[in-house]
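[1] Okay, sequence plus prediction incoming.
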Amino acid sequence: MFEEAAHGLAPLGVIVDPPRLDLSAMMKHKDDTVGANVNGVAFLFRKHKIESFRGVGRLKGAGRVEVVGADGAVQTIETKNIVLATGSAVAPLRDRDASGAEIAIDEKLILSSTGALALAKTPKRLVVVGAGVIGLELGSVWQRLGTEVNAIEYLDRILPGFDLEIAARFQKILEKQGFEFRLASKVTGVRREGTGKAERAVVSYSSVDGATSDTIEADAVLIATGRIPFTQGLGLEDAGVALERGRIVIDEGFATNVPGVYAIGDVVRGPMLAHKAEDEGIAVAEILAGQAGHVNYVVIPSVVYTMPEVAAVGITEEEAKSGGIEVAIGKFPFTANGRARAMRATDGFVKIIADAATDRVLGVHIVGAAAGELIAEAAVLMEFSGSSEDLARTSHAHPTLSEAMREAAFAVAKRAIHI
């Protein structure tokens, strides 16, 4: 909203003085929102008579969990079933050119995603290590608040795992906003210079092939090289729980190899997404209640919360090609959407990938305003094995951004109306 007030309202005839940023008020709103969500869960615990134990938990074998409270008191809980849902932690970045040790995160100069959400002032320059979802989301936040953002990415593209055409368009949009990218590059070191308020970070990086190298100074460095399952210190090895590449091994019913012990979320296979974990939590609860819990992993959407947003569900065009699947593709730009024009939100497009033989929709990819909301329509369609024809023949209100979804579906059969 700050960015919109500063640059987006005058063309709509709304003239305001240059807006001022009250970062402390913004952070208070963020903290209040988080607090309300946490308190809401606590209320649901009380409402449904769920007993909670505060402390550090450790698995002590089948049916037993040890909890160490803040006061050091130890309590052992005995139960029939245990669900491990401990989430993930920031993946460390190692300084290979120096001592080989991890680059220490202090949440002041060297940040994780946690620290990047709680800065006391807007940094003049931020270096983001990694151009994946987290790096782009948080880099986008500070860029819109006035920070110069430089992203260093090991791969030759941004948003690995997303559709390449979508990622390429999104990169151009971000560069137009002021982002700078150093792709096919690796960080070789981070050193501190100065003290107190004058302290700065100097980031050393080189091309992946080692042909070139350079440095860049920054007021803050965000380590956004991914996340790893949080499985350390839980007593898993002593209890005999099987792990593979740091993740807990489960069967189709979320059960580990230890009877009565289950696992869900970031500590098991699949994307590290909150809504994926929620679906698994519902499914395992149903299984423990004697029902048939199930998660359709093919139809789990992913969203990049930037401006504009990026959203995807299903397979990419590259995955279809590598899998030998013949597909038909329909695309529709937001520049041809009436609502997007009125909102001055014409960046981006909708891309639908359908099976060429059956017309079943296999993937939908969006870069544009409200992409995270629009993708839900695609997820519902795919959950019921819908075709692009089904979507194209469904009436959409005019004028809405969702009309771009319908037009892209028409475009699969080269029948788009407004292009």
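    Cool, got the structure.

[2] Show the average pLDDT along the helix or strand that Ala378 is a member of.
    For Ala378, the host element (DSSP states H and E) is helix 371-383. Across helix 371-383, pLDDT averages out at 98.

[3] mean confidence for stretch 238-245?
    The model assigns stretch 238-245 a mean pLDDT of 96.

[4] that older thread, for the helix holding Ala378, name the packing helices and strands.
    strand 302-304, strand 309-314, strand 361-368, helix 388-392, helix 403-412 (3 or more Cβ pairs under 8 Å, 6 or more residues apart in numbering; DSSP states H and E). Quick note: C-beta positions are derived from backbone N, CA and C, even for glycine.

[5] deepest of the ones you listed, which one?
    Ranked by mean neighbour count under mean count of other Cβ atoms under 10 Å, those are led by strand 361-368, which reaches a mean of 27.

[6] Partner strands of it, with direction?
    Strand 361-368 pairs in its sheet with strand 309-314 (antiparallel), strand 349-355 (antiparallel), by DSSP bridges.

[7] Any idea how many residues pack against Thr215?
    Neighbours of Thr215 under the rule other Cβ atoms under 10 Å: 12.

[8] Can I get the helices and strands packed on helix 371-383 in TSV including distance to Ser207 and mean pLDDT?
    Shown next, in TSV, are the helices and strands packed on helix 371-383 (distance: least, Cβ to Cβ, whole Å; pLDDT from 0 to 100):
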stretch	distance to Ser207	mean pLDDT
strand 302-304	26	98
strand 309-314	26	98
strand 361-368	27	98
helix 388-392	42	98
helix 403-412	37	98
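
[9] possible to save these as a markdown table with distance to Leu109?
    A markdown table is the format used below for the helices and strands packed on helix 371-383 (distance: least, Cβ to Cβ, whole Å):
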| stretch | distance to Leu109 |
| --- | --- |
| strand 302-304 | 26 |
| strand 309-314 | 29 |
| strand 361-368 | 32 |
| helix 388-392 | 49 |
| helix 403-412 | 42 |
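
[10] what about those, which gets the closest to Ala116?
    Nearest of the helices and strands packed on helix 371-383 to Ala116, taken as Cβ to Cβ: strand 302-304 at 15.5 Å.

[11] Check which helices and strands the closest one sits against.
    Checking 3+ Cβ pairs under 8 Å, 6+ apart, strand 302-304 ends up next to helix 133-144, strand 309-314, helix 371-383.

[12] among the ones you listed, which is the most enclosed?
    Highest mean neighbour count of the helices and strands packed on strand 302-304: strand 309-314, a mean of 25 (counted as mean count of other Cβ under 10 Å).

[13] chain center to that one: distance?
    For strand 309-314, the separation from the chain centroid amounts to 11 Å (computed by Cα atoms, centre = their mean, to the nearest Å).

[14] which is the next helix or strand following that strand?
    helix 317-322.

[15] tell me the phi and psi of Gly196?
    phi 60, psi -140 (degrees, to the nearest 10).

[16] now the end-to-end length of stretch 191-209.
    22 Å (Cα to Cα, to the nearest Å).

[17] ugh, wrong one, stretch 151-168
    End to end - Cα to Cα - stretch 151-168 spans 15 Å.

[18] Who's the closest spatial neighbour of Ile264, skipping the chain neighbours?
    Excluding the flanking residues, the one nearest Ile264 by Cβ to Cβ, 6 or more residues apart in numbering is Glu280, at 3.8 Å.

[19] Secondary structure element holding the one you found?
    If you go by DSSP H and E, Glu280 is part of helix 274-288.

[20] What is the neighbour count of the nearest residue to Ala184 once chain neighbours are set aside?
    Leaving aside its chain neighbours, Ala184 sits nearest to Asp156 (4.4 Å; criterion: Cβ to Cβ, 6+ apart). The number of residues packed around Asp156, counting by other Cβ under 10 Å, is 10.
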